[in-house]
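Trainee: Quick one: sequence and predicted model below, then my questions.
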Amino acid sequence: MQLLLIHSDYIEYEVKKSTPVAEKIEESFKKGRLEEALTAFIAVEKIDEANVEGAVSKAVEEIKSVASQVKTDNIMVYPYAHLSSDLSSPKAGVAVLKGIEDTLSGEFNVKRAPFGWYKAFKISCKGHPLSELSRSIVPDETVPGAKSSECVTAVKEEVVSEALKAESTARSYWHILTPDGTLHDAEGFDFTGHENLGKFVDYEISKKRAVDKAPPHVELMRRLEIADYEPGSDSGNMRYYPKGRLIKSLLENYVLEETSKVGAMEVETPLMYDMNHPTLKKYLDRFPARQYSIESDKRQLFLRFAACFGQFLMNHDMTISYRNLPLKMVEMTRYSFRKEQRGELVGLRRLRAFTMPDMHSLCADMEHAMSQFDEQYNMCISVLDKIGIKVDDFEVAIRFTRDFYNENKDFITNLARTVNKPVLIEMWDTRFFYFVLKFEFNFVDALAKASALSTVQIDVENADRYEINYVDSDGNSRRPVILHCSPSGAIERCIYGLLEKEAMKAEKGGVPMLPVWLSPTQVRVIPIGEKHLDYALQVSEQLNCRVDIDDREDTVGKKIREAGREWIPYVVVVGDSEIEKGTINVTIRAESQPNKPVKSEMTPAELDAKVSVDIAGMPYKGLSLAKMLSQRPKFL
RNA sequence: GCCUCUGUGGCUUAGCGGUAUAGCGGCUGAUUCGUAAUCAGCAGGUCGGGGGUUCAAAUCCCCCCGGAGGCUCCA
């Protein structure tokens, strides 16, 4: 058993939310306070199960001895699982805690906090030498516990938004919606044929996360010279090498083009905002995210975690007619900042600084918003598809309030019908957030971890908060309904998704590669000897894509191997026979199997035509590195 | 933020109380090569940082920093 004893001016707690192992409790038990108390934080461990009575009596002895030293009669028995990584069963835990409570209550004024609940608590530590003690107790054999630790009474003030707090108390009802419109209980649903959905549901509901290795994209992002950790910054702020910057840039351009096609106007808004701006302050409280805050002179500023503020403040000042609706604005936020908790950050999956396309649509009313929602749902599917993440690669979650569902069953069902597979439903009794309806497309990776990509939300709060109005046909001023949309989700997360997807493909015996339009090198030309370099150059000039030439002094075998490790879609080898015939010898990655390259002899013009089919309609940029490989530095 | 694990030349890594091992990469030379690593030589390390224990620390202990996994959370 682990014991942490704190002599405090007062201790008070309040129950927030039950865990699966929570004991059933009375209403009066949900809050408690003791003045001038010795608080015993207790973690009951596996080893205590062997001798529950022994553990109880040892603990009581310790607590009594400390209580007499600090001269207090009030004792708070407080279950605190985090003291140990080898916890007992909940049953044994409750038994021990109750035992301690009962034994002590003869002599002391004892209170006990409930077991198995998330609790908020406040404690004021006295700070004298005996005020903080910890003990390790083993039944029948007392281990001399740790000595008095220093009294660290740093009061940390973290700004936690109301929405974050609300989220921890929100009661969720989980269902699976099949395309036929049936709402199944999520528990007990047969996921045969929908294994990824099963994993996603597990991830969302039961929070099962048995993972023992790093996600494969972390090694890939480095080996492919896309991105890397930057120890010189804050965690979750990455560096992007030329290849990574190229890929990001292409993705950003693509998503912006797609939003432009649906009529969005691109704008740019500030990265930092006044924390005490009255409107923003209220918004902060409604968004479930943590912010970076910075001090500048006497102002408290926060870094944006989305583009909402800037766009809404702009909307507020605009004159908008019903004729302008839906009014769409978009920004590629480089960056959005969220101060995610340390342990949440992994590679490109979750970052503290990330690039997110953020589009907002002002709609006349709910009906209008729903038809826009539907359009944007379809746009998101198509955007991810072009990026290389297909409908089968993600799982759909739709979240809404019960009222919304009851009024719009057909509408919701149609969303499941569009993707033609079962989707996860999360329903709330009351609206905790600013939206009544949202969906996300969740990528499920090789380790069964899920993370959201595209999302659209129907916001019914912020038009009021920001006082955004439009003038309707009757001349009256009205509040629009606002849609938040990130068509692709975070750009970095798309890269994560692509890399994870290809890692899974390689695992199953496929040949991994990026879509041709995103490949940093689309064609590599390898001259067999120095004398073929001129011809290689000529060939490269006939290709309208990102072509580089491996002019290094290495063997052909080695160059081929390296081109393969870089996932280059087309590898061209030229030597005497090609020069003679005016052709090239092309290895086509997309058609190859491991150890079975598919080679084809063609003319440069034929290859050019082939590549242009691959990249048709997608954004293009030139090479981000020197054309000649001998001139390229190594980043890793 | 908390818990657990982890950190050796640019990268991957051996060593786990007696100041360090190899491969890749880099440089030099030879080789000019037909599809998954040409050969030889050279340079490069205060073993993440700081403190402690010891005759002696990469190795043991403490603190800090980075990374991984979990709690939690999401784009």
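Mentor: Received, thanks.

Trainee: For residue A:90, what are phi and psi?
Mentor: For residue A:90, the backbone dihedrals are phi -60, psi -40 (criterion: degrees, to the nearest 10).

Trainee: same question but for residue A:550, I mixed them up
Mentor: phi -90, psi 90.

Trainee: can you pull the contacts of it?
Mentor: Going by Cβ atoms under 8 Å, 6 or more residues apart in numbering, residue A:550 touches A:524-527, A:559, A:562-563, A:629. All C-beta spots, glycine's among them, are computed from the backbone N, C-alpha and C.

Trainee: Give me the packing partners of the helix or strand where residue A:248 lies, helices and strands only.
Mentor: Using DSSP states H and E, residue A:248 falls within helix A:242-261. With contacts taken as 3 or more Cβ pairs under 8 Å, 6 or more residues apart in numbering; DSSP states H and E, helix A:242-261 sits against strand A:265-266, strand A:327-337, strand A:353-363, helix A:366-387, helix A:491-507.

Trainee: So which of these is nearest RNA strand B?
Mentor: strand A:353-363 (3.6 Å; Cβ to the nearest atom of the strand).

Trainee: Next, the angle from the closest one to strand A:327-337.
Mentor: Between strand A:353-363 and strand A:327-337, the angle comes out at 160 degrees (axes from the mean of the first three to the mean of the last three Cα atoms, to 10 degrees).

Trainee: neighbours of residue A:325, just the number please.
Mentor: 19 (other Cβ atoms under 10 Å).

Trainee: which residues does it contact?
Mentor: A:362-364, A:368, A:470, A:480.

Trainee: Phi, psi for it please.
Mentor: phi -90, psi 150.

Trainee: Check it and give its pLDDT.
Mentor: Looking at residue A:325, its pLDDT reads 95.

Trainee: likewise residue A:156?
Mentor: So residue A:156 comes in at 30 (pLDDT).

Trainee: what's the answer for residue A:4, then?
Mentor: pLDDT, residue A:4: 81.

Trainee: Then the one 10 residues further on?
Mentor: Residue A:14 is assigned a predicted lDDT (pLDDT) of 80.

Trainee: which residues are in contact with the helix or strand where residue A:273 lies?
Mentor: Using DSSP H and E, the element containing residue A:273 is strand A:272-274. Strand A:272-274 is contacted by residues A:280, A:294, A:299-304, A:309-310 when judged by Cβ under 8 Å, 6+ apart.

Trainee: Can you give me the neighbour number for residue A:119?
Mentor: 18.

Trainee: so it, which of the three states?
Mentor: strand (DSSP: H, G, I helix; E, B strand; the rest coil).

Trainee: Look up the residues forming beta bridges with the residue nearest to it when sequence neighbours are not counted.
Mentor: Spatial nearest neighbour of residue A:119, chain neighbours left out: residue A:13 (4.7 Å); criterion: Cβ to Cβ, 6 or more residues apart in numbering. Beta bridges link residue A:13 to residue A:32, residue A:121, judged by DSSP bridges.

Trainee: wait, what's in contact with residue A:13?
Mentor: A:31-33, A:78, A:113, A:119-122.

Trainee: What of residue A:471?
Mentor: A:319-322, A:477-478.

Trainee: Do I have it right that residue A:438 meets residue A:400?
Mentor: Yes. The criterion here is Cβ atoms under 8 Å, and residue A:438 meets it with residue A:400 at 7.4 Å.

Trainee: And the residue of chain A closest to RNA strand B?
Mentor: Closest point on chain A to RNA strand B, by Cβ to the nearest atom of the strand, is residue A:343, at 2.0 Å.

Trainee: a helix runs through that residue, doesn't it?
Mentor: Yes. Assigned with three-state DSSP, residue A:343 falls within a helix.

Trainee: That one: neighbour count?
Mentor: 7.

Trainee: Residue A:533 too?
Mentor: Around residue A:533 there are 16 residues (other Cβ under 10 Å).

Trainee: Quick one: residues contacting it.
Mentor: Neighbours of residue A:533 in contact, by Cβ under 8 Å, 6+ apart: A:527, A:549, A:551.

Trainee: can you rerun that using 6 Å?
Mentor: A:527, A:551 (Cβ atoms under 6 Å, 6 or more residues apart in numbering).
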